[in-house]
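Below are the sequence and a predicted model for it; my questions follow.
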Amino acid sequence: MDEFTGTKERIFDAFIEMTSLMGYENVTVREIAKKIGINAASIYYHYESKEQILAHVYEYYSAYYFENRKPVDEMKKMIETADAEEFIFAMTRNFVSDDQKKTYRMTLITRIIYMRLFQDAAANRMFNENNKSEREYIVEIVQHGMQVGRIQADFDVEIFASVLLNSMIAMGLVAFADPGYTVGLLDHEVRVRSMLARLFTSALA
């Protein structure tokens, strides 16, 4: 997506910070303007409405959601030799990257997605589409592991994909329900990854 700078960027960042803490309905254009020290009218030069800011937020999320996901071919090579803990850690990724601004934004936007999941068709659609892609990604990688004899032939890849995906969703729900959450390994994330690694170990040939 096109990069944005200056006042538009400040509006965008103020919006996601406020919305991730207060909820979309509780944030007004006037409050956004006050936060960054401009007139409310200036916001309408860049965005026609608060709804358009939210649409831009969703566009940003869609553009970068899979950016730091390891390529399928790289993960296929990993599953051939990696131990269970290493593999599970790689699969249960987060948005951490060298671009700290992008990492911070994606963390806040993900919280907004979770907050609006049951009342916003666009958020719900993105959530489901991303989960479908994640499931296909998991299945393709694990099936490769089975084909090369690294994973037992009777391993139920579909159930594993469901458990792994639902675990990631659960970790997200717990993390992003906490307004004080910052990117990193929380205790519950460590425990869930450890549990998944133990389960996966039993499937390795």
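That came through fine.

you'd agree residue 145 is up against residue 80?
Yes. Under the contact definition of Cβ atoms under 8 Å, residue 145 touches residue 80, with a separation of 7.1 Å. In short, each C-beta sits where N, CA and C put it, glycine included.

okay, the two: which has more neighbours?
When neighbours are counted by other Cβ atoms under 10 Å, residue 145 comes out ahead of the other of residue 145 and residue 80, with 24 against 13.

per-residue confidence averaged over whichever helix or strand the more buried one is part of?
Residue 145 is part of helix 121-147, with elements assigned from DSSP states H and E. Helix 121-147 carries an average pLDDT of 94.

Name the residues of that helix that are buried.
Neighbour-count burial for helix 121-147 flags 123, 126-127, 134, 137-138, 141-146 (criterion: 16 or more other Cβ atoms under 10 Å).

so which of these comes closest to residue 165?
For residue 165, the closest of the buried residues of helix 121-147 turns out to be residue 134, at 5.7 Å, with distances computed as Cβ to Cβ.

pretty sure that closest one contacts residue 168?
Yes. Taking Cβ under 8 Å as the definition, residue 134 is a contact partner of residue 168 at 7.4 Å.

which helices and strands sit right next to the helix or strand residue 164 falls within?
Assignment of secondary structure by DSSP H and E places residue 164 within helix 157-176. Using 3 or more Cβ pairs under 8 Å, 6 or more residues apart in numbering; DSSP states H and E as the contact test, the elements touching helix 157-176 are helix 100-116, helix 121-147, helix 187-201.

now the buried residues of helix 121-147 in CSV, with distance to residue 160?
As requested, those are exported to CSV (distance: Cβ to Cβ, whole Å):
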residue, distance to residue 160
123, 27
126, 24
127, 21
134, 13
137, 13
138, 7
141, 11
142, 6
143, 10
144, 13
145, 10
146, 11
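
Alright, that wraps it up for me.
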